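Colleague: make a model of this:
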Amino acid sequence: MKERLVVIPTYNEIENIEAIIRKVFSLAEPFDILIVDDGSPDGTARRVRDLQEEFPPNGSAQRLHLLERRGKLGLGTAYIDGFKWALSRGYQYLFEMDADFSHNPEDLIRLYHACADEGPKRADVAVGSRYIKGVNVVNWPMGRVLMSYFAGVYVRFVTGMSIMDPTAGFVCYRREVLEVILHNPIKFVGYAFQIEMKFTCWKYGFRITEVPIIFTDRTKGVSKMSSKIFKEAVFGVLQMKISSFFRHYIPRPEAAVRAEEPVDAV
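Modeller: Sure thing, here's the model as predicted:
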């Protein structure tokens, strides 16, 4: 059974992509990888294709997959396409993770066990949280740390969620969660996408836990953060909250995403 898949969106990550793939494949527990590349002109997708010949060794099942898209279509749609691809192929636990080592791949194991281990505390969604135990951010300027932290305060105030890091992009979802929440469109594409996903999970009553991590700013490549993305998050939260008054959030397994037209990837 295909169990764990890490979805990594990329745009011009040639400096990081090989190292992040090798690190994930070196972990003590097995994870497959799907790279969702938005037409990177720096050759990111070409490097992934080269690595596919190396992984897997000895003729075993393919563990490194590539989904190529035409142009920059946004972080949110990259994850949605990746999730639909994974659901159509039977994966049980799906992960969001950046390509630039701001998320430590070692923490994938902790996120997985938060959702997979049996017991009363088993989560449906595990969030790699920068703020559940103080402020655990390395190499960010103070202005960006404050902006990020108080964005969480703002989101909690508007939505009523108690999640300390609602903009986090390091997350594990159980399959059943995505089968329900992807039945309706996720509207936002930037950082607001991360908030909307967590808000929708919360409204449907799924159990969300936060796993403390240390977030380290990238040392290679260029950040994709922009004022446009930040504004989408600020104003999108209000729009999302208002729209929620007109939706019924009742978990419906029969509304699962079905991949009649699976997204092509190799």
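
Colleague: the residue nearest to the spatial centre of the chain - nearest residue in space that isn't next to it in sequence?
Modeller: In the chain, the C-alpha nearest the mean C-alpha coordinate belongs to residue 96, at 2.3 Å (CA atoms, centre = their mean). What sits nearest to residue 96 in space, not counting adjacent residues and going by CB to CB, 6 or more residues apart in numbering, is residue 171, at 4.6 Å. Heads up, the C-betas are built off the backbone N, CA and C, glycines and all.

Colleague: what do you get for residue 214?
Modeller: Counting by CB to CB, 6+ apart, residue 214 lies nearest to residue 136, which is 4.6 Å off, once chain neighbours are set aside.

Colleague: please name the residues that touch the one you found.
Modeller: The neighbourhood of residue 136, defined by CB atoms under 8 Å, 6 or more residues apart in numbering, consists of 130, 212-215.

Colleague: pull the number of nearby residues for residue 62.
Modeller: Residue 62 is flanked by 10 other residues according to other CB atoms under 10 Å.

Colleague: I figured it hits residue 53, correct?
Modeller: No - in this structure residue 62 lies outside contact range of residue 53 using CB atoms under 8 Å: 10.6 Å.

Colleague: find the nearest non-adjacent residue to residue 192, please.
Modeller: Sequence neighbours aside, residue 236 is the residue nearest to residue 192 in space, at 3.6 Å (criterion: CB to CB, 6+ apart).

Colleague: can you pull the pLDDT of that neighbour?
Modeller: For residue 236, the model assigns a pLDDT of 82.

Colleague: ok, residue 186 touching residue 195?
Modeller: No - contact criterion CB under 8 Å: residue 186 and residue 195 do not qualify, at 10.5 Å.

Colleague: how about the helices in the stretch 101-250 of the chain?
Modeller: Under the criterion DSSP state H, counting those that start in this stretch, the stretch 101-250 of the chain contains helices at 107-116, 142-159, 175-181, 191-203, 227-244.

Colleague: which parts of the first one are buried?
Modeller: Along helix 107-116, these residues count as buried under the neighbour rule (16 or more other CB atoms under 10 Å): 107-108, 111-112, 114-116.
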